[in-house]
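Q: I'd like to go over a predicted model; first the sequence, then the structure.
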Amino acid sequence: MPAFHVHAPFVPTGDQPKAISELVEGVRSGMREQVLLGVTGSGKTYTTAHIIEELQRPALILSPNKTLAAQLWAEFREFFPENAVEYFVSFYDYYQPEAYIPRTDTYIEKDSDRNDEIERLRNSTTRSLLTRRDVIVVASVSCIYGIGSPEYYLGGSLTFTVGESIRRDVAVRKLTDLQYTRNDIDFSRSRFRVRGDVLDIFPAYEEIPSRIEFFGDVVDRITDFDPVTGEVLARKDTITVFPASHYITPEEQMKEALVDIEQELHDRLKYFREHGKLLEAQRLEQRTLFDLEMMRETGVCAGIENYSRHLTRRKQGERPYCLLDFLPEDALIFVDESHVALPQLHGMYRGDQARKSTLVDFGFRLPSALDNRPLTFEEWEGMVGQVIYTSATPGAFELEHSSLVVEQIIRPTGLIDPRLEVRPTKGQIDDVLAEVRACAERGEHAISTATSIPLSGSRFSMIFALVHSMSSSASISFVRDWIFQRWRS
């Protein structure tokens with residue numbers, strides 16, 4: 001596999017060389033937790049990239065939200081074009097969780113909109129972690145939510161090798177078990193098609209499909225091809241097809257899970273009836289029996305994740321499998337903007353349990369649904385290895401638990417934070433205009449942002465006219481959208 005090597009047109013400067021050296025030495029000496037305290041604009045991401053290059057270990061970059069994760073993913077892809085830089089965030093563009101409000105007797109059904117591209121990237125992440133070492137995963141805090149077992153994910157894979165014997169009908173049956181759908185007309189991701197001795201597969205994690213050509217029961221040729229033109233893009237000697245979903249359950253295990261679900265349903269109905277909760281009992285029985293029938297006939301049902309404890313054969317209260325189970329033992333963990341991310345890790349479990357406890361108490365879900373959950377913070381701490389927290393304002397937890405705090409104050413550009421002046425609110429509009437005029441006279445650019453400034457119609461007209469007159473000659477930028485909104489309101 002390619003070694004980690006940073007590609008950039010610049011070298012570490014300012015406080016970066018010292019920060020890189022100290023943090024790398026801290027990791028090598030066995031420190032479990034460290035802090036990179038870097039001001040905004042000091043190049044913490046670039047420092048992180050060089051730490052990964054120095055240590056040559058897989059890494060997980062944990063971000064507090066999707067937007068920041070996408071930005072980090074783009075930057076690390078530029079720094080490491082030869083390596084696998086993966087993106088693992090929630091695949092929902094919109095998500096309304098299932099909930100029940102007893103006070104108003106309001107049931108809110110789960111509603112969501114999945115993003116197919118993000119789902120592809122999630123599958124690509126787990127595939128890379130199981131097949132190579134040079135992997136950097138940029139993830140949001142959703143990585144602590146449950147997914148399927150890595151053993152079943154890897155064990156359920158299907159490998160084709162040129163010259164090896166495999167019956168085509170057996171391969172087709174296996175692909176169906178891996179939750180691929182046969183469609184000879186609409187050929188797209190997570191689907192396959194069969195035409196004579198040719199089997200086309202579009203893996204859930206790839207952007208192009210693969211074609212396996214048989215000669216009898218022997219694999220004769222394997223190629224990647226353009227799904228639109230059919231042009232052959234590459235030839236391969238072997239290909240491994242991983243499941244189309246992280247939630248893959250072997251047939252025998254599914255049968256055992258169904259028996260356990262039926263037993264749990266029986267016990268729960270007995271509890272409700274003994275306590276006079278007949279409405280809850282009828283509600284739970286109707287829903288669960290329907291879900292059981294769907295799982296028997298199709299292998300899935302709406303909300304199947306609520307039965308994950310039985311499907312993965314876990315004990316009550318046992319933590320779910322998550323992305324951390326796919327990481328190598330020596331993976332480095334970087335918690336970006338740790339002052340935001342760590343409180344999220346603390347609170348996600350409790351919020352999830354509060355919502356689901358109500359569903360269980362009122363007969364919408366079996367008690368085992370409580371085990372479809374994110375990790376607790378204690379479980380997170382027990383699973384991660386060496387951690388580096390990066391933040392401009394690290395919280396008390398990071399500072400108390402870290403063996404070393406490395407400061408990165410001097411920016412690579414040498415720029416310092418601008419001087420702040422606090423001025424009276426009286427006459428603030430005239431003051432802003434005077435400063436803008438001064439900038440224009442010097443031929444400089446100016447940008448003004450505001451939060452709450454009362455504007456009369458005449459005052460707004462004066463400012464807007466000034467901005468228009470100056471923007472063409474002096475290139476002055478102004479936040480016009482806010483002014484329009486404020487004036488119209």
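A: Received, thanks.
Q: Where do the helices of the stretch 351-489 of the chain begin and end?
A: Listed in chain order, the helices found in the stretch 351-489 of the chain under DSSP state H, counting those that start in this stretch are 377-383, 396-401, 428-441, 457-474, 480-488.
Q: Please report the distance of K356 from L366.
A: Computed with CB to CB, to the nearest Å, the distance linking K356 and L366 is 11 Å. Just so you know, the C-beta spots here come from the backbone N, C-alpha and C atoms, and that holds for glycine as well.
Q: can you give me the strands in the stretch 1-150 of the chain?
A: Counting by DSSP state E, counting those that start in this stretch, the stretch 1-150 of the chain has strands at residues 33-38, 59-63, 84-88, 92-96, 99-101, 106-108, 111-114, 135-140.
Q: what helix or strand does V170 sit in?
A: helix 168-177 (DSSP states H and E).
Q: mind listing what's buried in that helix?
A: Within helix 168-177, the residues scored as buried using 16 or more other CB atoms under 10 Å are R168, A171, L175.
Q: Just the mean pLDDT for that helix, thanks.
A: Regarding helix 168-177, the rounded mean pLDDT is 90.
Q: Whichever helix or strand comes after that helix pairs with which strands?
A: Secondary structure here is assigned by DSSP H and E; on that basis, the next helix or strand after helix 168-177 toward the C-terminus is strand 181-182. Strand pairing for strand 181-182, determined by DSSP bridges: strand 191-195 (parallel).
Q: list the buried ones in the strand it pairs with?
A: Going through strand 191-195 with 16+ other CB under 10 Å, the ones that come out buried are R191, F192, R193.
Q: Show residues contacting that strand.
A: 168, 172, 175, 180-184, 187, 199-202 (CB atoms under 8 Å, 6 or more residues apart in numbering).
Q: what about the nearest residue to A8 once chain neighbours are set aside, how many residues close to it?
A: When the adjacent residues along the chain are set aside, A8 lies closest to F79, with 6.1 Å between them (CB to CB, 6 or more residues apart in numbering). A total of 21 residues lie near F79 under the criterion other CB atoms under 10 Å.
Q: which residues touch F79?
A: With contact taken as CB under 8 Å, 6+ apart, F79 is in contact with V6, H7, A8, Y46, A49.
Q: rerun that using 7 Å as the cut-off
A: Residues near F79 by CB atoms under 7 Å, 6 or more residues apart in numbering: V6, H7, A8, A49.
Q: which residue packs closest to the second one, ignoring adjacent ones?
A: Okay, so that is H7. With CB to CB, 6+ apart as the measure, P81 is the residue that lies nearest to H7, at 5.8 Å, once sequence neighbours are left out.
Q: was I right about that neighbour contacting A8?
A: No - judged on CB atoms under 7 Å, P81 makes no contact with A8 at a distance of 10.7 Å.
Q: re earlier: need the buried ones from the contacts of strand 191-195 selected in PyMOL.
A: Buried members of these can be picked out in PyMOL with the line below, counting by 16+ other CB under 10 Å:
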select buried, resi 168+175+180+199+200+201+202
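Q: Switch the contacts of strand 191-195 over to JSON lines; also include distance to H266.
A: What follows is the contacts of strand 191-195, written out as JSON lines (distance: CB to CB, whole Å):
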{"residue": "R168", "distance to H266": "43"}
{"residue": "V172", "distance to H266": "38"}
{"residue": "L175", "distance to H266": "36"}
{"residue": "Y180", "distance to H266": "35"}
{"residue": "T181", "distance to H266": "34"}
{"residue": "R182", "distance to H266": "37"}
{"residue": "N183", "distance to H266": "39"}
{"residue": "D184", "distance to H266": "43"}
{"residue": "F187", "distance to H266": "44"}
{"residue": "L199", "distance to H266": "44"}
{"residue": "D200", "distance to H266": "46"}
{"residue": "I201", "distance to H266": "42"}
{"residue": "F202", "distance to H266": "42"}
